[in-house]
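> here's a sequence, model it:
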Amino acid sequence: MLENLKIALIEAIEDEYKARATYRSILNKFGAIRPFVNIVESEERHIRVLIPLFWKYEIPIPEDNWQGRVEVPNSVQEACQAGVQAEIENAEMYQRLLNLTQGYHEVQRVFLNLQSASQNNHLRAFQRCAERGNSQSDQERGEGHRQGRGCRGRRGQRMGLR
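Predicted coordinates for the structure are as follows:
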């Protein structure tokens, strides 16, 4: 049973490492574009949440060897479409890993939270990005001035993404 836990934790953190490396590479190629700016930070949080589980069960934490090993799409549109597919696969992976970790309630709670973030936040953000195509505004590139989600202009009107 501990072997299944080890397999599941390693697969989970490797997937998060790969996602982080991919999104960092996309940002390096195309600049600070949404949703990649936000999601790369989220992937970092996912890794930080998995690490204590390795400590708890005395499983060695694998090194992150993904930087420079990921393929970067040719356009923002392709990057967004790849993000959609990656998040679908991520949610499916966590479903499979949940089956491997029966009886490890803390691990299952973490996996469910990561799966939820993938399905409910990241997937939707990448779908919106793919629908927009290559028409990234300054705000979508992260270059707006305090006019992102949740900010309001001088007259109180909502000033979000176009």
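> spatially nearest residue to Ala21, not counting backbone neighbours?
Of all residues not flanking Ala21 in the chain, Trp66 sits nearest, at 3.6 Å (C-beta to C-beta, 6 or more residues apart in numbering). For every residue, glycine as well, the C-beta is placed using N, CA and C.
> that neighbour and Ser25 touch, don't they?
No. In this structure, Trp66 is not within contact of Ser25 by C-beta atoms under 8 Å, at 9.3 Å.
> quick one, which of these two is more surrounded?
Taking other C-beta atoms under 10 Å, Trp66 and Ser25 do not tie; Ser25 has more neighbours (21 against 18).
> quick one: contacts for that one?
Residues in contact with Ser25 (C-beta atoms under 8 Å, 6 or more residues apart in numbering) are 67, 70, 72.
> is it fair to say it lies in a helix?
Yes. According to DSSP: H, G, I helix; E, B strand; the rest coil, Ser25 belongs to a helix.
> report pLDDT for it.
With respect to pLDDT, Ser25 scores 95.
> how about Ile13?
pLDDT, Ile13: 98.
> ok, Asn120 next?
Reading off the model, Asn120 has pLDDT 87.
> residues contacting it?
Counting by C-beta under 8 Å, 6+ apart, Asn120 has no contacts.
> and for Lys6?
57, 59.
> for the protein, which residues score under the pLDDT cut-off?
Where the chain drops to pLDDT under 70, the residues are 134-162.
> show me where it has its helices.
2-30, 36-56, 76-100, 105-117, 123-132 (DSSP state H).
> tell me how far the shortest one lies from the chain's centre.
On the basis of C-alpha atoms, centre = their mean, to the nearest Å, the separation between the geometric centre of helix 123-132 and that of its chain is 13 Å.
> what are the buried residues along that helix?
Of the residues in helix 123-132, those with enough neighbours to count as buried (16 or more other C-beta atoms under 10 Å) are 123, 125-127, 129-130, 132.
> now do that helix: which elements does it pack against?
With contacts taken as 3 or more C-beta pairs under 8 Å, 6 or more residues apart in numbering; DSSP states H and E, helix 123-132 sits against helix 36-56, helix 76-100.
> quick one: buried residues of the last one?
In other words, helix 76-100. So for helix 76-100, counting by 16+ other C-beta under 10 Å, buried means 76-77, 79-84, 86-87, 90-91, 93-94, 97-98, 100.
> with the first one instead?
Buried residues in helix 36-56, counted by 16+ other C-beta under 10 Å: 36-37, 39-40, 42-43, 46-47, 49-50, 53-54.
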